[in-house]
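Enquirer: Here is a sequence with its predicted model. Questions after.
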There are 2 protein chains.
Amino acid sequence: MSLERIRLQNLHNKVISAEQAAQFIKDGMTVGMSGFTRAGEAKAVPLALIASAKTNPVKISLITGASLGNDLDKQLTEVGALARRMPFQVDNTLRKAINNGEVMFIDQHLSETVEQMRNNTLKRPDIAIVEAVAVSEDGYIIPTTSVGNSASFIEFANQIIIEINTSVSTEFEGVHDIYIPESRPNRGPVPLINVDDRIGTKGIKFDPEKVVGIVFSDIPDSPSTVTDPDDETQAIADHIIAFFEKEVEQGNLPKNLAPLQAGIGSIANAVLTGFKNSSFEDLVMYSEVLQDCTFELIDAGKMKFASGCSMTLSEKCGERVFGNLTHYKDKFILRPQEISNHPELVRRLGIIGINTALEFDIYGNVNSTHVSGTKMMNGIGGSGDFARNAHLAIFVTKSIAKGGTISSVVPMVSHVDHTEHDTDILVTEQGLADLRGLAPRERARVIIDNCVHPDYRNALNDYFDRACAKGGHTPHLLKEAVQWHTNFEETGKMLP
Amino acid sequence: MSLERIRLQNLHNKVISAEQAAQFIKDGMTVGMSGFTRAGEAKAVPLALIASAKTNPVKISLITGASLGNDLDKQLTEVGALARRMPFQVDNTLRKAINNGEVMFIDQHLSETVEQMRNNTLKRPDIAIVEAVAVSEDGYIIPTTSVGNSASFIEFANQIIIEINTSVSTEFEGVHDIYIPESRPNRGPVPLINVDDRIGTKGIKFDPEKVVGIVFSDIPDSPSTVTDPDDETQAIADHIIAFFEKEVEQGNLPKNLAPLQAGIGSIANAVLTGFKNSSFEDLVMYSEVLQDCTFELIDAGKMKFASGCSMTLSEKCGERVFGNLTHYKDKFILRPQEISNHPELVRRLGIIGINTALEFDIYGNVNSTHVSGTKMMNGIGGSGDFARNAHLAIFVTKSIAKGGTISSVVPMVSHVDHTEHDTDILVTEQGLADLRGLAPRERARVIIDNCVHPDYRNALNDYFDRACAKGGHTPHLLKEAVQWHTNFEETGKMLP
């Protein structure tokens, strides 16, 4: 225990054990918990809940920022504690329960969860459990490595549990900028014009009366496991960098491009890492998650500033950044996910969004979430917040998967998360398709010629030719449109 | 000729005939023209172009606000003058050419066209042709019944043709509010907080040097043909009004609801007309098109203010409103469509958007544009601008079409314009499905139970049950998912 981290003295008597805190979580409750991409989730309290649920079963609705670390979603699923889960997850056990219909999963645009609570279109949490570095003497909860939806959970919940994580340096104070949009009507603009603008407070204002317990923990975030670029991800990165170089040359983009957003994962990581040896300068990031590559670009002098709502680093990168916070502190900022992903700001700033597709079709519709149109992978996350309103919406994927039995470019996607209205650039290791200003038949030509793996090009050309012969603005042969997917289900291969 | 409408004296010598003006439109040019939902399009110049194209063929890219009146799209198609067309249309002849692949149609979110031009992701017009009431002595072009994209076309084009329509009263001056977002980077917020805020200028600022001709015309807008509610549209309206009443009762919405947006057409018209006898008060509208029902609500004292980018009225309503502009002038405003549909404002204002679906599926995905997944109807229009960022996104359709051979609720839509992430409420004459906060399997239950026509309910239940038995977050039987559509193609009926 480090009571000096509770600088609001009259809260000292609220310190309880994780086990005691877990007792406040009752069957049927809606729980709003911190945590975004395995960063900054409450840990001791949910672990105590998991332990107690083994003998005293509970079912809760769990709402977080995004995915959780420390296998919490796995363990919560295993003890049967999850009735409902939103707005994102990445856990294999939970995923199975979702696809079995055992856990009701609500797959949301990440900017919308707390907006919907504010407007009473989504149930507000009964209790908020938020990881913090400290409680300041002037009455702020200082979050740790993510802000996520925590600020609004604390506002909306009737009961608050604060989990102070002593493994996170108190130097984290000053990293956050907490701004919550006003209620409607008469809401004003979000007053952010540059990615490094500070528009809010250093922490989350809260009502001390609502605090039912303060718990101490020293469990660290789960480190991210970054994979080095392989030949394909490197090729994707090269195509994107070459495209940006051409855009700068043609005067369509300035030398510092536009604020960058990148989804989590190895492809986005390869692309951003590729900037290190590029001619671009003074890059800035306005994204959800700050990853290793963000700080590598900062270290390389290529990136001036990065704004996110969470930071998910590898063990090695974490040591460097968290060990030198005074050095990095003026180069990044963590905001609520409603602000990091806000459509108003994505459009105003003119963001370049780079996100991963599971598959896309010859007309540019993107499936980010559903395997074979039915099975949930992770969720749409922030990709829709960014793609819809971005200056440039870029989607990337390897052209084939599972040893070539799957083509990521298909006649018709089996599930649509991003419509052709919202996708500008598609990239595989084969090449880049620039869809801007093109009609569907033109898009198909560009996509097939540039993105498809050679093993599937003839088949797609054949489909497209026969569909065009039949006619339509977006020519399709409905009887065959998802046949590649059903082939795969039946034979393990999309094509014989 | 009424030279007093050209109050910038040094432009008097720019007056030419429509035939002369049409000569400025050369083969291969991109033409930016005024016009939105059959209101305020340039008329004399395109008609002269059509006449001349019969002997001197041209092919142009035509970009407007939205659809054109006076059969211009029809005639332009018939003379083969359209190579490309964006971002919206409603003409039967053009539709056929689009579906035959003869005209390349780019179906865009209506808020995005000029933003993409500003960012050089879409080619800027070579020439702008804009209908006007007058040119003011202080250098503004005063638009007529629509603003659409005209302000930005005038900014971007190298040549400008002004078409002064003397059939439109000069009292129209003062109705418009022209605001164009700043270029990036360092763009500020759009400073609009209330629907009646004036944030711009009374007309379109322009460079007189770019004006190559001023043409006079007195051709009126094509009047809208409003159909009275039938039993089904009335039932849809009743369901929506009852829903709003419940929301107010439960404290989720105030008595004046939220700024309303309604798509064009008979269903939206029935819904809005339904408000006349409701208990709601002080309604406001923030929409694209102001229709008869808007002014009926104003006349009934139910609506305080309406903001749009165009007004499309029936002959009778037009006489009343245009004949009494001084009475109505402080009750409505016309803005650029980039502002009427701006995601920043749709989210800030918390709009309730009511738009028409062609079909929707049991998980809440909506098809607004493509018959059988292939044939374009009109285009997505502004429905995506609103639905994505709205406080409530409501989609309406009759449960069956074509004498019951088609169910508008299907296992899987044949084309997706709005994903289940973006749809809150679905309504048919059968009932209303409230999807807020529900997982896909829960959505399916609510949609089938409330929206489906009895003739199709058993078949959809059967599909859903068998799909659930197979599993998945969004259970589907891919082999059958679009079979209802292929049945219809082959037999003229979705079900035997």
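Expert: It's in. Everything numeric here is computed off the predicted structure, so don't read it as measured data. Numbers count the residues shown, from 1 in each chain, chains lettered A, B, ... in the order given.
Enquirer: Now that we're looking at whichever residue of the stretch 301-450 of chain A sits closest to chain B, what pLDDT does it have?
Expert: With C-beta to the nearest C-beta as the measure, A:T374 is the residue of the stretch 301-450 of chain A nearest to chain B, at 3.1 Å. Bear in mind the C-beta positions are built from the backbone N, C-alpha and C, glycine included. What the model reports as pLDDT for A:T374 is 97.
Enquirer: Can you tell me the closest non-neighbouring residue to it?
Expert: Of all residues not flanking A:T374 in the chain, B:G472 sits nearest, at 3.1 Å (C-beta to C-beta, 6 or more residues apart in numbering or on different chains).
Enquirer: That neighbour touches A:S414, doesn't it?
Expert: No - using C-beta atoms under 8 Å, B:G472 makes no contact with A:S414, being 10.8 Å away.
Enquirer: Can you check which residues contact both of the two?
Expert: Between them, B:G472 and A:S414 share these contacting residues under C-beta atoms under 8 Å, 6 or more residues apart in numbering or on different chains: A:370, A:372, A:374.
Enquirer: a strand runs through A:G353, doesn't it?
Expert: Yes - assessed with DSSP: H, G, I helix; E, B strand; the rest coil, A:G353 lies in a strand.
Enquirer: hey, what's it bridged with?
Expert: A:G353 forms beta bridges with A:Q261, A:A393, as assigned by DSSP bridges.
Enquirer: list the contacts for it?
Expert: A:261-262, A:346, A:383, A:386-387, A:390, A:392-394.
Enquirer: Please produce a markdown table containing the residues you listed, extended by pLDDT.
Expert: Compiled in a markdown table, the contacts of A:G353 are given as follows (pLDDT from 0 to 100):
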| residue | pLDDT |
| --- | --- |
| A:Q261 | 97 |
| A:A262 | 94 |
| A:V346 | 98 |
| A:S383 | 96 |
| A:F386 | 97 |
| A:A387 | 96 |
| A:A390 | 96 |
| A:L392 | 97 |
| A:A393 | 98 |
| A:I394 | 97 |
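Enquirer: isn't A:V321 right up against A:Y328?
Expert: Yes - at 5.5 Å, A:V321 counts as touching A:Y328 under the criterion of C-beta under 8 Å.
Enquirer: anything in contact with each of the two?
Expert: Overlap between the neighbourhoods of A:V321 and A:Y328 consists of A:F295, taking contacts as C-beta under 8 Å, 6+ apart.
Enquirer: tell me which element A:D221 falls in.
Expert: Element membership of A:D221, judged by DSSP states H and E, is empty: it is in no helix or strand.
Enquirer: Tell me the spacing between it and chain B.
Expert: Here the distance between A:D221 and chain B works out to 27 Å (C-beta to the nearest C-beta, to the nearest Å).
Enquirer: which one of B:G472 and A:S414 has more residues nearby?
Expert: Taking other C-beta atoms under 10 Å in any protein chain shown, B:G472 and A:S414 do not tie; A:S414 has more neighbours (25 against 22).
Enquirer: so that one makes contact with A:D361?
Expert: No - taking contacts as C-beta under 8 Å, A:S414 lies outside contact range of A:D361: 9.2 Å.
Enquirer: For chain B, give me its nearest residue in the stretch 51-200 of chain A.
Expert: Distance from chain B to each residue of the stretch 51-200 of chain A (C-beta to the nearest C-beta) is smallest for A:P189, at 3.3 Å.
Enquirer: hang on, that residue packs against B:R348?
Expert: Yes - proximity of A:P189 to B:R348 meets the contact threshold set by C-beta under 8 Å, at 6.8 Å.
Enquirer: for chain A, longest helix please?
Expert: Scanning chain A for the helix with the most residues, using DSSP state H, yields helix A:231-249.
Enquirer: Quick one: residues in contact with that one.
Expert: Applying C-beta under 8 Å, 6+ apart, the set of residues contacting helix A:231-249 from outside is A:229, A:253-255, A:257, A:266-267, A:269-271, A:273-275, A:278-280, A:354, A:394, A:396, A:398-399, A:425, A:427-432, A:434.
Enquirer: Quick check: which of those residues are also close to chain B?
Expert: A:P254 (C-beta under 8 Å from any C-beta of the partner chain).
Enquirer: Quick one: mark the members of the contacts of helix A:231-249 that sit in strands.
Expert: Filtering these for membership in strands, criterion DSSP state E, returns A:354, A:394, A:396, A:425, A:427-428, A:431-432, A:434.
Enquirer: of all those residues, which two lie farthest apart?
Expert: Taking every pair in the ones in strands among the contacts of helix A:231-249 and measuring C-beta to C-beta, the maximum separation is 16.0 Å, between A:I354 and A:G431.
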